[in-house]
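Colleague: heads up, no residue letters with this:
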């Protein structure tokens, strides 16, 4: 809706997210099979099950002596159990002997327990008496320091859910189970279209009235960090036909489209018109009660999300984190991460009073600092167009919709840059 | 020092870190010049200063009307200021007219203020009366909604310190200042040598007594995440001459060397011997009061750090996070990150009593879960050799050296995987 001056009425962030969620038919990226060494950080696209029993045999988890646990009951420093050292199990070898009552076999971590043993006494809890005899100064329970055959994973056992991002430890576990290839989602491609007659490439000398293209660099990095592939389309003039062509081409060969830099009202209206003309349903919302980030436009064309972003880099970052990153993660196939909020935000005390307009969610650029073990957030009071603010800020502190501001010493949530 | 059974006496984690710090002469990686679009996440190697004044002209930060602020003093909804719309400043153009008292010029975000104006009234605080006249319903202060020439950055002004990791926002700022190439450190190369006669490649069917190589996959991912380049050297037999050759070759063409998998006492002693034989000063410490991770060996040869890691993947992860990652970050040129502890750890309540040995730092694998807005850590009581534990754990909870354990409901620090 527009008022008589052609200005858009604003909706809240929550309402905008609600509209977005209702209208999106997420099309996940294609699946590809990758060698595990190339799959760090990729998203699993098919549930993974164990292809075998692991281990296939009872395995020691420590260096020590394989024993029948009953032979160690009651052993102490003062009253050790004396046991006969029958043999040493060499690494990588299957023991071909049996350990009888009163006997032990020297075993290393990973070694296969010989017949007649059910546990392993750690080296630390033994003393070597001579070449044929040891004393055990601490008892072991049956199964202690042993992984039973099949205990780690049973053949067909569920291991990893599709939608999970692969961590180093996960890939190690897959290697251990003999899984050397995984199905993962291809990273979604995100087109970045820079618009504005005033925008010049970063390598050009600046002329009065012009600003360099900043947003395509900020967005490329944010897309990379969120697990997407940025595709810079270039800088385009604010002309309907030119922009419409590049938007349609981008919609056809990428998974999401970002239009950035058109900060004049005329450009914003043109962006909205192009989104509406490109296909159905077109613009979902235009203008959000958010500072910075108010002029955000969101549309859907042929099931692909297309965004018209504000011109200010600080606003671009805020809009990306609130709106675009969640969509990008869904496109990438990532299931919700329980720990996401803990990873991306910290709580801190604000060190100045900040006023805020009611009915508007505000994100204040802050510098973070530890003082006497407490984290404090100092607002960077700079005009939103200042480029160097980007360098100084550690993140943005949130002043929620319903608050009229925050008082010095109040706790705020800070989303890290 | 060894006791009579050939076992190493253990030192504390803090003492080990202290020894490491004293002995290390960090050789940073070579510097390379990169285009900014390829420098996301790289570490700046030379301080960066602004090459120019930014902006070169007074620039509007909003869409609105450039005015002489005095013309708006006292303006309200009931008593607006009526001002004559003299012209519109087109984007990318330098205005060639002067705005007189009582006049305004329409201006878009980023536009250059014309002579005679000192501030910009936001579009929202105006009403268009007709094509030649607007009313202003809110006053502006001198300089409001304007970035003064040179206000963002002055020529020669310090921007970014060497040793900083480049974020998307930083690179955007560099682009805005016309800096399109940066000097950064090359990522340090870390050799991974897998040893152990029992270790087989992940793609091989498992035979009794053998385990697949897991650690080289876990370590590769951890090295990538910490900003290094993993160089897998392969799996080698526990033979002195073979290992010594690959260690010396690795020391000569990488920045750090990790030896993993030799979990038997014999292998560990051989690793220590090879480190001592490879050069001075050799082994710094051998055995740390840490669980898991006790058998860790650290040495320095020709100013390069070389590690003998325990065989268990869980121990490998803990040793990497505590000891190796800080060294790797220093090698990569990264200056200490004030916010590092906040990014990598969360606090949670432990949901079981855990006992711990005094004088030993323990790291317990935990699963994290939010319950009624609080984060709880559930210990994963699994034997350390279990591979699938790696998949289930979200991180490790710390039980510090001096504690005898933690009680249910007690707050612990959890280092995220």
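Modeller: Alright, I've got the coordinates. In this text the structure is predicted, and so the values were computed from the model without any measurement.
Colleague: For the longest strand seen in chain A, enumerate the helices and strands it packs against.
Modeller: Assignment by DSSP state E gives strand A:361-371 as the longest strand of chain A. If you count contacts as 3 or more C-beta pairs under 8 Å, 6 or more residues apart in numbering or on different chains; DSSP states H and E, strand A:361-371 packs onto strand A:290-291, strand A:345-350, strand A:374-379, helix A:388-392, strand A:395-399, strand A:411-416. The way it works is simple: take the backbone N, C-alpha and C, and place the C-beta from them, glycine included.
Colleague: Swap in 6 Å and give it another go.
Modeller: The elements that strand A:361-371 packs onto, with contact taken as 3 or more C-beta pairs under 6 Å, 6 or more residues apart in numbering or on different chains; DSSP states H and E, are strand A:374-379, strand A:395-399.
Colleague: what does that strand contact?
Modeller: For strand A:361-371, the external contacting residues (C-beta atoms under 6 Å, 6 or more residues apart in numbering or on different chains) are A:13, A:290-291, A:318, A:348, A:356, A:375-380, A:389, A:393-394, A:396-399, A:401, A:414, B:339.
Colleague: just to revisit the earlier point, pick the most buried one from the helices and strands packed on strand A:361-371.
Modeller: Across the helices and strands packed on strand A:361-371, the average number of neighbours (mean count of other C-beta atoms under 10 Å in any protein chain shown) peaks for strand A:395-399, which reaches a mean of 24.
Colleague: Off-centre distance for it?
Modeller: The chain centre lies 20 Å from the centre of strand A:395-399; the measure is C-alpha atoms, centre = their mean, to the nearest Å.
Colleague: Just checking: what are the partner strands of that strand?
Modeller: Neighbouring strands of strand A:395-399 in its sheet, by DSSP bridges, are strand A:361-371 (antiparallel), strand A:411-416 (antiparallel).
Colleague: Now do the shortest one and strand A:345-350, the angle between them.
Modeller: It stands for strand A:411-416. Using axes from the mean of the first three to the mean of the last three C-alpha atoms, to 10 degrees, the direction of strand A:411-416 lies 130 degrees away from that of strand A:345-350.
Colleague: number of nearby residues for the residue of the stretch 201-350 of chain A found nearest chain B?
Modeller: Closest to chain B within the stretch 201-350 of chain A is residue A:221: 2.5 Å, counting by C-beta to the nearest C-beta. The number of residues packed near residue A:221 is 24, by other C-beta atoms under 10 Å in any protein chain shown.
Colleague: I'd assumed it was in a helix, is it?
Modeller: Yes: under DSSP: H, G, I helix; E, B strand; the rest coil, residue A:221 sits within a helix.
Colleague: Tell me who's in contact with it.
Modeller: Applying C-beta under 6 Å, 6+ apart, the residues near residue A:221 are B:40, B:168, B:171.
Colleague: Chain neighbours aside, what residue packs nearest to it?
Modeller: Of all residues not flanking residue A:221 in the chain, residue B:168 sits nearest, at 2.5 Å (C-beta to C-beta, 6 or more residues apart in numbering or on different chains).
Colleague: any idea how far residue A:220 is from that neighbour?
Modeller: 7 Å (C-beta to C-beta, to the nearest Å).
Colleague: same deal with residue A:414?
Modeller: Here residue A:414 is placed at a distance of 24 Å from residue A:220 (C-beta to C-beta).
Colleague: Likewise for residue A:306?
Modeller: Note on residue A:306: its distance to residue A:220, by C-beta to C-beta, is 17 Å.
Colleague: out of those two, which sits in the busier spot?
Modeller: residue A:306 (27 against 24).
Colleague: Could you list the paired strands of the host helix or strand of that one along with their orientation?
Modeller: With secondary structure defined by DSSP states H and E, residue A:306 is part of strand A:304-309. Here strand A:304-309 is paired, per DSSP bridges, with strand A:256-260 (parallel), strand A:297-301 (antiparallel).
Colleague: Deepest-packed of those strands, please.
Modeller: Greatest average neighbour count among these goes to strand A:256-260 (a mean of 26), per mean count of other C-beta under 10 Å.
Colleague: what's the offset of that one from the middle of its chain?
Modeller: 22 Å.
Colleague: same deal with stretch A:114-133?
Modeller: Its chain's C-alpha centre and that of stretch A:114-133 lie 46 Å apart, by C-alpha atoms, centre = their mean.
Colleague: before we move on, what about stretch A:54-65?
Modeller: That offset, for stretch A:54-65, works out to 35 Å (C-alpha atoms, centre = their mean).
Colleague: Name the residues of it that are buried.
Modeller: By neighbour count on 16 or more other C-beta atoms under 10 Å in any protein chain shown, the buried set for stretch A:54-65 is A:54, A:55, A:57, A:58, A:59, A:60, A:61, A:62, A:63, A:64, A:65.
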